[in-house]
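Novice: Quick one: sequence plus predicted model below, questions after.
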Amino acid sequence: MHPMDFEYVSSPTLSDAVRQYTRFAQLGKRPMYFGGGTEIITLGRLHQVNPDAVIDLKPIPETQVMAVQQGQLVLGGSITLTQITDAPWLGEAFPLLQETVHEIADRTARNKITIAGNICGTIFYREAVLPFLVCDSKVRTYGPKRGKERSIHRVFNREARLEPSEFIVQLVTDETARTAPFVHIKRRKAGRVGYPIVSAAAIRIDDRIRIAFSGVCPFPFRSSAIETILRQRGLTVRQRVDQAIQRIPSHLILDDYEASRAYRTFVLANVLEEILQRLGGA
Amino acid sequence: MSEAFSPWNMAHFSTNGSETTVVGHSVGRKDTSLKVTGHAKYTDDEIESDMLHAALLTSPHAHARILSMDRRRALQAPGVRAVLFGTDCPNHTGDPLADRPILAIDTVRYAGEPVAIVIADEFHQAAAALASIDVVYAPLPVVQSPKAAYEPNAPLLHPDVHTYRRNRAEANPIPGTNIATHVPIRKGHPDDVWASCDVIAEVEVSFPQAHHAYMETPAIIAEIDPDGEMHITTSTQSPFTIPSLIHETFDVNPSQVRVHVPFVGGGFGGKSSPYLEPLVVAASKAVGGRKVKLRCEREHAMQTLPCHIGLEAKVRLGAKRDGRFVAVDITYWFDGGAYADRAVIVTRAAVQDCTGPYRIPHVRCDGFCMYTNHPPATAYRGFGHPEETFVIERAVDVLARQLHLDPLEIRRLNAIRTGDSTPTQTLLTGGRVGNVPGCIDHLKKLMEWDGRAVRREGSRIIAKGMCCSWKTSSTPPNASSGAIVRVNEDSTVTLLSGVVEIGQGTKTALAQMVAEVFAMSVDRVHVVLEVDTKEEPEHWKTVASRGTLLAGNAAVRAAIDAVRQLQETAAIVFQCRPSDVRISNGVASCAHEEKAIPIGDFKNGYAFPDGRSVGRMVIGRGSYTIEDVTPLDPETGRGSPGPEWTVAAQGVEIEYRPADCTYRVLRAFSVIDAGKVIHPALALGQVKGAMNMGLSLASREGYVYSGRGVVTNPQFRVYPIHRYGDQPEYHVVFLETPDEHAPWGLRGLGEHGLIGMPAALASALSNALGVDVNEMPMTSELLWRIQTGG
Amino acid sequence: MPKQEVSLSINGEQRMVVIRFADTLLEVLRGKLGLTGAKPGCNNGDCGACTVLIDTCPYKACIMLAVETVGHEITTVEGLHSTPIQQAFADCYAFQCGYCTPGFIMNAHALLQQHRVIDEYTIREWLESNICRCTSYEEIGEAVRTAARLRDARTAPSLDTSVDTQQRRDL
Ligand SMILES: Cc1cc2nc3c(=O)[nH]c(=O)nc-3n(C[C@@H](O)[C@H](O)[C@H](O)COP(=O)(O)OP(=O)(O)OC[C@H]3O[C@@H](n4cnc5c(N)ncnc54)[C@H](O)[C@@H]3O)c2cc1C
Ligand code: FES
Ligand code: FES
């Protein structure tokens, strides 16, 4: 139940979406793009987001693409998490993504949650971004300056960094990274549905492990400093793990109802150790 | 034989007989088709176009003075009809202690406390207007734990506690302290015998408050007729207590209050005390008696409504070298939250059974129900007994370890039996207590106990843990139930009973009992599933597993009464003695007559073909008031808290991974002495469901308070209760040692599956870790902290 | 205008209804169309009590706007009649208070329609979207397996739906 009223429009094309957004903004209204809508609806009920209008992006054909084009996997922003977990061919094309999003929410919710909506959300887990971070994927956006393609790292740093009327159209991922050896581990307080204490996605390319985290801090991140330490020879696994964790400013490590800071750090250490073992970095 | 049965023996029927055709068999639930088609109506399913909708504004602070409140902007908002503050309805409410204003006045005492209610045409309008109410608070120091509340210099939450209206038998607050009630037990010579103990186990236990997690969040609809009659439709386990509460709160006649209860989507004790009903009545008054609905959001259910009680406790258990228990000394500091509600009675219930089902000659126990700045606490499945069991069983385990005794054997050695007495010095005569040693023996087989609690399997540890439990009802001495049985034209019968169908299937069990008396198929017995306090005879409360005892006795008596009336009229028709008339399969017959007459023909007396008629309309009535309950002495606790004790032995088997302190419950076991199982499938479902709930509570549930006393995890998203697949394998066995007061000897069992689960899990985890686990919830984080001292 | 009259296709009927754009499907079904089978348990997407089918896929009606369903076929529990899963819920005593039941039934019904062969892994993957506080979950799992057998007996008697219990259990 959304206590506040808002307008709803559904956009058939990329340019229409931006036009609608601009029109509302010019009228002094707060528009929001609407993917699965799960976050807008649930936070709206608690008065935590209050759009005057929502612009549904799902009808835009470009946001519904799911294909390999010249070795690049192109995924539209409106693709739901269930579409990803249920596409058998993605099990080969991007298994890390499949495994990571499978652990988000529950199946019925995944029928509704979209990749772009998850990545651009304000609830700070945004776990779907992890595979794209480690794969150095590219993001195609559409905005006032029309279409753009940029590295995920330019578009996403702790949270999505988009211009006001800009939105994610597609995520593009190279074959090398998305088919590399991978691990995803999610640890929760209890059970199999729920937010992470630690969620980590990792791949190995040559002797480098790339790794991104959610749940550790109030934002997902990938850190080259951590990756460098994890690669250091001459240190035991435990030493590398401990040094890697020291790179995370401890005040940024979450301390809440899911887990205390100290316990979360313990879980993170275990997860890192397991990843090193499984990816052969040990 | 007990008095209770003597009137029945006049009829041809006795519920002592072991031969039954309906009772003891699994039949279809009476609510099946409504529930699988979505047609079962719950309170919020009542939707009318002229209904107004209410939304609650609650306090963000756990303890604060209210400096100012301003509703002017809210009153201008679209659709808003009224905005109420505490000062508009300054009545206090609460049973057994009227310590709570309907809406906060001057002070808020917990985060989530209602401070205003908005009434509007549409729910979204009421919810939107909440943001336009301006309240200014000045935060006060927060009392975060019951022990902190007990400190002599703790801030006083209720300085005027001595002025509150109260039920003196149930609430014993100590003015000048935060003690909402104190319940003592002094049995034997608890202070003199410690020197004679060879070994003493000392344990401290604690757990935070938790949520009932009934799936239906409470909803209440109130309307006041022009003639002053109040109609309340609500999701409650205790409709018959509401008229008197409204009477005490608003000074209206109880008979002017009519309470209607449709289906209730789970209660587990959380809907046993009326909490927001007075507020919705006030809301309806504010809009000229119009119909107003309030539906609680899940966040309200978790932050505003009463919850499972929290506890800090310490126990000393002393024994002889051979394992015989000598004395116990227990102190409970219950976290009753900001308002006492039923927490004071939960405290009493824990105290009165504090030893668990063990023979301990010397008992000292002090139960304090403490005021804190947490949400209020109320009844929760097990009512003080999962709590009491957790405390004593931790001590029993520690003692067994200190003495190098088998934990199962030490329990068997000390098991309470007929002839022993309880902590309240109730002598357990006859069938008042179930068969504890029998339960332990069955548990031993069921969980393949060979004395070894721990087994290593590679990097994992398989560990077992166990406990025993008991429970009596804690009802007031006059808890009663009534029933009416009507005979219908089509030779079916209809049973009216005030029991609320909260899912436990009581109405199906009652129908089985009536069918048994009528010697006919249960399909011919109709039950009225909803309850209306002006239509159904009173039933005390649908709590404490008492439904089948109280209402069962009443229903059986009503059925016997109806049968007797049928026999009397039929005897005239058949010209035989009433006792020669047989009622079965919907017809009356007599050995001397060829003819069999459908019972429907006797509905309004019997009309002969020539127009003459004999007899009267058949209305069977029955009632039952609990027996053998007396109040506890305020100094020693001496008294009789309940008529009988259901006992159980329970266990779990877990798989623990020391590397990351995670575990899984593999199997859970319950052996319960059910007296008599009326409906095997329902009984099994009740017990397994309760075990599931108990394991969920013990392993992962609990409020996490912020440093300022706010519950930070008030959504299922962050309050991870068991979902499909989290459950273990269940193993359940019933023993049948009859309780002679109850129909067919049945004992309550709706709660017993839960009671021992926390203790059994703690036992298994303590065995796995080799260190005692004395807290809940037993999350991996807790185990990590215990294992590493982290 | 944040309100509009729309036509929704529900349980095979076209229903005209005036909605606020901000209304969730759950509110419209219950408050405006009198279809109270879908229940609010959390209004937050967490409990599954509000589950309905859009076309053939289960969704939580509390996290879907009513306007999003225009042009799609909505099925609520009131639209199911004597389905195998309803029968199985009755036979297996897979409910107590019944509040979670419509949500479980809708989800399980979709599962049965989408999967010819249902293994334990898939049952868990689907059903962990719903919360039941009363039952032990064992009865609900049994109901799904029973319904699969009932369904097969009604349609293709030769299909083997024997449920593989161990495989992928720990996944
Ligand atoms: C029961 C449940 C459990 C959950 N558990 C987890 C979990 O464990 N881990 C986790 O990471 N998440 C979890 N979530 C997801 C949750 O945090 C969000 O609700 C979800 O990710 C939002 O996705 P959506 O498609 O519904 O986005 P929307 O609600 O549509 O949008 C979210 C935000 O993204 C913006 N947006 C949407 N699409 C675009 C676009 N194409 N370009 C730019 N901006 C856009 C919107 O304007 C809005 O600000 C859970 C959700 C539920 C309901
Ligand atoms: S009400 Fe929709 S998921 Fe709980
Ligand atoms: S039957 Fe009550 S919640 Fe499932």
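Specialist: Happy to help now that I have it. Ligands and ions are numbered 1, 2, ... in the order given.

Novice: the helices in the chain, which residues?
Specialist: If you meant another chain, say so; for now it's chain A. Applying DSSP state H to chain A gives helices spanning A:14-26, A:38-45, A:81-86, A:90-93, A:95-102, A:107-110, A:115-119, A:129-134, A:152-155, A:175-178, A:224-231, A:237-246, A:261-279.

Novice: that's the other chain; I wanted chain C
Specialist: C:25-27, C:84-91, C:101-114, C:120-127, C:138-154.

Novice: ok, the residue nearest in space to the middle of chain C - contacts?
Specialist: Chain C has C:Met106 as the residue nearest its centroid, 1.6 Å off, counting by Cα atoms, centre = their mean. Taking Cβ atoms under 8 Å, 6 or more residues apart in numbering or on different chains, we find C:Met106 in contact with C:38, C:51-53, C:58, C:75-77, C:80. Any C-beta I mention is one placed from the backbone N, CA and C, and that applies to glycine too.

Novice: could these go into a markdown table alongside pLDDT, neighbour count and distance to ligand 3?
Specialist: Shown next, in a markdown table, are these (pLDDT from 0 to 100; neighbours: other Cβ atoms under 10 Å in any protein chain shown; distance: Cβ to the nearest ligand atom, whole Å):
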| residue | pLDDT | neighbour count | distance to ligand 3 |
| --- | --- | --- | --- |
| C:Ala38 | 98 | 25 | 14 |
| C:Thr51 | 98 | 29 | 13 |
| C:Val52 | 98 | 30 | 17 |
| C:Leu53 | 98 | 23 | 19 |
| C:Pro58 | 98 | 26 | 17 |
| C:Thr75 | 98 | 20 | 21 |
| C:Thr76 | 98 | 24 | 18 |
| C:Val77 | 98 | 28 | 14 |
| C:Leu80 | 98 | 20 | 17 |
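
Novice: now the helices of chain C in TSV, with mean pLDDT?
Specialist: Below are the helices of chain C laid out as TSV (pLDDT from 0 to 100):
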stretch	mean pLDDT
helix C:25-27	98
helix C:84-91	98
helix C:101-114	98
helix C:120-127	98
helix C:138-154	96
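
Novice: Tell me which of those lies nearest to B:Trp645.
Specialist: Closest to B:Trp645 of the helices of chain C is helix C:138-154 (Cβ to Cβ; 28.2 Å).

Novice: Show me what that closest one is packed against.
Specialist: On a contact count with 3 or more Cβ pairs under 8 Å, 6 or more residues apart in numbering or on different chains; DSSP states H and E, helix C:138-154 meets helix B:680-700, helix C:84-91, helix C:101-114, helix C:120-127.

Novice: what's the domain layout of chain C?
Specialist: Recorded structural domains for chain C (assignment: automatic domain parsing) are C:3-79, C:84-155.

Novice: Need the distance between the two termini of the shortest one.
Specialist: Translated: domain C:84-155. Length of domain C:84-155, first residue to last, Cα to Cα, to the nearest Å: 11 Å.

Novice: touching ligand 3 at all, it?
Specialist: Yes - using Cβ under 6 Å from any ligand atom, a contact is recorded between domain C:84-155 and ligand 3, made by C:95-101, C:132-135.
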